[in-house]
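Peer 1: Fold the following for me, if possible:
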Amino acid sequence: MTNTNMRLMKHLILALIAGIAVWQIAAGNSSFGMGLLIGVIAAAGSLEIKQRRISEMQKKGMNPYDERAWSLAGMAAYGAIRIYAISLAVIILVGSIWGPQIQVTPYNLLGLCLCALLGLYVGSYYYYNRKF
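Peer 2: Below is the predicted model:
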């Protein structure tokens, strides 16, 4: 895919999610709809900032997709998955010892797990970026 196609796909996905948010607000589920809408606005803003930074780097003659960036991303992903897997194993072990004291719906748990994994990835990326 070219950059133009990727950008178009990102905008279409954001527009689809924004449409779902407006539909939820109109249906009376305003808290979920507002959360989605704020998420779409934040995602669109961060994508625009990222694209602007990449354009500035390319104007300076730098390659934003060089080997160092790929290497850092790989190390960060590997480190995040290792930490995530070990911490989930510990949580499951502790949960099996003390039993299900807290009832959590699967979607909330999945969201928390995804948030933790992304946070670990971002943290390990910044760690490896400073280290190397």
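
Peer 1: Check the gap between residue 73 and residue 115 for me.
Peer 2: Going from residue 73 to residue 115 by C-beta to C-beta, to the nearest Å gives 19 Å. C-beta here means a position set from N, CA and C on the backbone, and glycine is covered the same way.

Peer 1: which of the two has more neighbours?
Peer 2: The neighbour comparison of residue 73 against residue 115 (other C-beta atoms under 10 Å) goes to residue 73, with 16 against 10.

Peer 1: wait, that one sits on residue 126?
Peer 2: No - using C-beta atoms under 8 Å, residue 73 makes no contact with residue 126, being 11.7 Å away.

Peer 1: OK, contacts around residue 25?
Peer 2: Residue 25 is in contact with 33, 34, 37, counting by C-beta atoms under 8 Å, 6 or more residues apart in numbering.

Peer 1: Any buried residues in whichever strand or helix holds the first one, and which?
Peer 2: Just to be clear, that refers to residue 33. Using DSSP states H and E, residue 33 sits within helix 30-59. For helix 30-59, the neighbour count (16 or more other C-beta atoms under 10 Å) marks 33, 36, 37, 40 as buried.

Peer 1: Who are the contact partners of the third one?
Peer 2: Applying C-beta under 8 Å, 6+ apart, we find residue 37 in contact with 18, 21, 22, 25.

Peer 1: Pull out the buried members of these.
Peer 2: If we count by 16+ other C-beta under 10 Å, these have these buried: 18, 21, 25.

Peer 1: what about the helix holding residue 33, distance to the chain center?
Peer 2: Mean-position distance between helix 30-59 and its chain equals 12 Å (C-alpha atoms, centre = their mean, to the nearest Å).
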